[in-house]
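Asks: predicted model, plus sequence, below.
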Amino acid sequence: MTQVSEITLEFDGKQELIDRLDAVMDGDCARAITDCVRNVLCERVENRALDLPECVFQHPGDSYGRRLIHKDAKRGYTVMAMTWGAGQGTPIHDHSGMWCVEAVWQGEIEVVQYELTETRGDRFCLEPRTTMRAGVGSAGSLIPPHEYHTIANPSREQTAVTIHIYAGEMTECCVFAPLEGDWYERCRRELHLDAA
């Protein structure tokens, strides 16, 4: 991914989405906030209330695309659109200790959640727990410490698009490189935005 300036995407329905999100963001309970955010996203997707720009449906090449929709100056949350080419996915990663709500706008995604069972320095024992396939209109949340997962587009033909709302600005995360068995080595990875 190439580093680009933080230009947010503009489209019909964006301001209503932001207004609805602003109304549910105040509070200190991550579970309550993510439940409300998930409801807002599901309703927006179900009603096709967002006219996402064409760039969101084009993956940038060998990697999935990350495009900034909104960065809230007051509350700190961010809204991203991610584009997944056929078969594209992530390694096991975390969300830097932030909650996140993810909704499927187009296609299907597969999420595998992992449980951290032991650490030895930068070596983590991560055991797979659940695998979920989610289609259009489905949304889920990740709340630390249950944030270790992979996400992928299982289709070999269709592009998938997801909308992600993070508690803050996710500019880096940890990814976990396989060692042996359920053991992985933790490495920091900088995250970049793709051009609109």
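Replies: Cool, the structure landed.

Asks: for the nearest residue to residue 75 once chain neighbours are set aside, give its distance to residue 172.
Replies: Among residues not flanking residue 75 along the chain, residue 25 sits closest, at 4.8 Å (CB to CB, 6 or more residues apart in numbering). Where C-beta positions appear, they are placed from N, C-alpha and C, glycine not excepted. Distance, residue 25 to residue 172, using CB to CB, to the nearest Å: 23 Å.

Asks: of those two, who's got more company?
Replies: residue 25 (18 against 12; other CB atoms under 10 Å).

Asks: phi, psi for the more buried one please.
Replies: phi -80, psi -20 (degrees, to the nearest 10).

Asks: do you know how far the closest residue to residue 179 other than its chain neighbours is from residue 195?
Replies: Excluding its sequence neighbours, the residue lying closest to residue 179 (CB to CB, 6+ apart) is residue 185, at 5.8 Å. Distance, residue 185 to residue 195, by CB to CB: 32 Å.

Asks: can you check residue 89 too?
Replies: Residue 89 is 21 Å from residue 195, by CB to CB.

Asks: wait, a strand at residue 125?
Replies: Yes. Per DSSP: H, G, I helix; E, B strand; the rest coil, residue 125 lies within a strand segment.

Asks: so it bridges to which residues?
Replies: Going by DSSP bridges, residue 125 is paired in beta bridges with residue 118, residue 183.

Asks: my read is that it contacts residue 117, right?
Replies: Yes. Using CB atoms under 8 Å, residue 125 is in contact with residue 117, at 4.8 Å.

Asks: helices or strands next to the helix ranked longest in the chain in the packing?
Replies: Longest helix in the chain, counting residues (DSSP state H): helix 30-46. Using 3 or more CB pairs under 8 Å, 6 or more residues apart in numbering; DSSP states H and E, the elements in contact with helix 30-46 are helix 14-25, strand 100-106, strand 139-142, strand 160-166.
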